[in-house]
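Novice: What follows is a protein structure lacking sequence information:
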């Protein structure tokens, strides 16, 4: 029995324990020991590494979207600048055309 924990967390703990083939108590005990043994300089647990990876993936996604957006703005600006300069060159009067 896990008191003071929401239903989703209880179900996740039960599923994780079942997946590993251990009792809920043994699974929780193992996770607590890993968490207590983990130091900032020590080895990270799988859960910590997964969370770090999730955060890094989210950051990378934001950077990629920002890069695409910036690239599109620069590309469009270049196209409009080239197009405008071509039009000016095409319609500019020269001494010969007067």
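Specialist: Received it, and whenever you're ready, just let me know what you need. Model, not experiment: these values are computed from the prediction.
Novice: switch to C-alpha atoms for all contacts and neighbour counts from now on
Specialist: Fine.
Novice: Just list what the helix or strand containing residue 27 packs against, helices and strands only.
Specialist: Taking DSSP states H and E as the criterion, residue 27 maps to helix 24-37. The contact analysis (3 or more C-alpha pairs under 8 Å, 6 or more residues apart in numbering; DSSP states H and E) places helix 24-37 against helix 7-20.
Novice: Against which helices or strands is the helix it packs on packed?
Specialist: For helix 7-20, the packing partners by 3+ C-alpha pairs under 8 Å, 6+ apart come out as helix 24-37.
Novice: Check the offset of the helix holding residue 27 from the chain's centre.
Specialist: Put simply, helix 24-37 sits 28 Å off its chain's centre (C-alpha atoms, centre = their mean, to the nearest Å).
Novice: Quick check: what element follows it along the chain?
Specialist: On the C-terminal side of helix 24-37, the nearest following helix or strand under DSSP H and E is helix 46-91.
Novice: can you give me the mean pLDDT across the helix holding residue 27?
Specialist: Averaging pLDDT along helix 24-37 yields 82.
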